[in-house]
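**Student:** for reference, the sequence and a predicted model appear below.
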Amino acid sequence: MLHYIYADELHMYPTLRDTMFRDRADQFKRRLGWEVSVNDNGEERDEYDDLNPLYVIWKNANGTHGGSMRLLPTTGNTMVNDHFIDLMDGVRIESPLIWECTRFCLGASADSRVAAALMLGGGEVMRQFNVEHYVGVFDARMVRIYRAIGSSPEILGSQGEGRDMISVGLWEFTEEARAKIGNRAKVSPALSEFWFNQSFGRVIDDKMRATA
């Protein structure tokens, strides 16, 4: 199931927190060879984790991390403005209607359903928080994944060629995309909304609770 957790609440979910940061180290450092820092506990963290981002996290049945992504409003510090502005020809992306999505991470055993569920969760945040777009930086390997999920971005700028290409993309979330991604994730719109409401302590319908 999906959880929506702000950074300052992660201490309430120690297993989910610790396995998320370890999976990030495994994916970004070991599997992809990115130049990221890994601490003595085997966790990948950066300065943006200190800005109280909102994490969308898929929790496995055993309570561990299956996949996650990190969301921050572009009205504050973001990776795209701080480190990848050259891909935008120096133009900053700053709007309360645009949030940045980073650190899209899948556990080593995660299947395509988890990736789609994360995208669906990101769309739920957009619906509930009146966000119109996400912006994010991604490498060439993600193009196929986004296409398979049914959530390909508009490319705003790119650098490099082939497998070394990195791009800045802009995502929107239509009702058509919501239905397609939900089918891919095998998550109904009602269940997606239930998970969101549960995370934010909203009133939950008893019938929906029983099916979750």
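**Tutor:** Done, it's in. These figures come from a predicted structure and were not determined experimentally. Residues are numbered from 1 along each chain as shown.
**Student:** all contacts plus neighbour counts: C-alpha atoms, from now on.
**Tutor:** Fine.
**Student:** what secondary structure does the spatially most central residue of the chain sit in?
**Tutor:** Geometric centre of the chain, nearest residue: residue 69, 2.5 Å, by CA atoms, centre = their mean. Following DSSP: H, G, I helix; E, B strand; the rest coil, the label given to residue 69 is strand.
**Student:** identify the bridge partners of the nearest residue to residue 20 once chain neighbours are set aside.
**Tutor:** Nearest residue to residue 20, sequence neighbours excluded (CA to CA, 6 or more residues apart in numbering): residue 65, at 5.2 Å. Per DSSP bridges, the residues bridged to residue 65 are residue 59.
**Student:** residues in contact with residue 65?
**Tutor:** For residue 65, the contact set (CA atoms under 8 Å, 6 or more residues apart in numbering) comprises 15-17, 19-20, 23, 57-59, 107.
**Student:** show me where pLDDT drops low in the protein?
**Tutor:** Along the chain, the model assigns pLDDT under 70 to residues 202-212.
**Student:** which residues of the chain fall in helices?
**Tutor:** Counting by DSSP state H, one finds helices in the chain at the ranges 14-24, 79-82, 112-129, 141-149, 175-185, 189-199, 206-211.
**Student:** now do the nearest residue to residue 130 once chain neighbours are set aside: how many residues are near it, please.
**Tutor:** Of all residues not flanking residue 130 in the chain, residue 97 sits nearest, at 7.1 Å (CA to CA, 6+ apart). If you count neighbours by other CA atoms under 10 Å, residue 97 ends up with 15.
**Student:** next one: residue 97 from residue 75, what distance?
**Tutor:** 9 Å (CA to CA, to the nearest Å).
**Student:** try residue 25
**Tutor:** 27 Å.
**Student:** the more surrounded of the two?
**Tutor:** Taking other CA under 10 Å, residue 25 and residue 75 do not tie; residue 25 has more neighbours (24 against 14).
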